[in-house]
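Give me a 3D structure for the following:
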Amino acid sequence: MDKEPRSIEKIDDDIKSAGQSFLGLYMVDLLTRIKELDDKVLKNKLIDEYHSHQHGYYDKDTVGTRTRVNAAIRIIKAEKVLYVLEQIDGSDPRVLLESVSKAKETVARIKTGELKMPNLNRKQLTLREHIQ
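Predicted coordinates for the structure are as follows:
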């Protein structure tokens, strides 16, 4: 997985796309299954798994769950996981309390080094990306 810089405004959009309840509940799982996110077949299986065991969010079909997972991937690639998890603070009454507590627990585990962030590669920019 490659690093991809992303503005805070875009990250905030990703939070809305994925939903705080989803991110709070599943970020640890996504971080520990990072290799699956790079493999199309395994990623599709993961999306099916999340869709089949929905908790804290509702997606009518796997397209919605795919949107959530892709938003989470953009957050991970931008190395903004801590920022995002710290936004899940209980101020939004629609967010499950379980998600808030899991997000806080995950932040603590990252800060103590118990949970390691993935080692992302620097993305090789195309000529077009260099010019922009």
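
Might you list the low-confidence residue ranges for this protein?
123-132 (pLDDT under 70).

for it, what spans make up the strands?
For the chain, the strands defined by DSSP state E cover 2-3, 121-122.

these two touch, right, Val100 and Gln87?
No - using CB atoms under 8 Å as the test, Val100 is too far from Gln87 to be in contact (10.4 Å). Using the backbone N, CA and C atoms, a C-beta is placed for each residue, glycine as well.

before we move on, the earlier item: can you say which of the strands of the chain is nearest to Tyr83?
Proximity to Tyr83 (CB to CB) singles out strand 2-3 among these, at 14.8 Å.

so what strands line up beside that closest one?
Its sheet considered, strand 2-3 pairs with strand 121-122 (parallel) by DSSP bridges.

contacts for the strand it pairs with?
Met1, Asp2, Lys3 (CB atoms under 8 Å, 6 or more residues apart in numbering).

Please repeat the previous calculation with a cut-off of 7 Å.
Asp2, Lys3 (CB atoms under 7 Å, 6 or more residues apart in numbering).

and Lys16, how many residues sit next to it?
9 (other CB atoms under 10 Å).

which residues sit in contact with the nearest residue to Asp89 once chain neighbours are set aside?
Of all residues not flanking Asp89 in the chain, Val100 sits nearest, at 6.7 Å (CB to CB, 6 or more residues apart in numbering). Contacts for Val100 were tallied using CB under 7 Å, 6+ apart; they are Gly24, Ile88, Asp89, Gly90.
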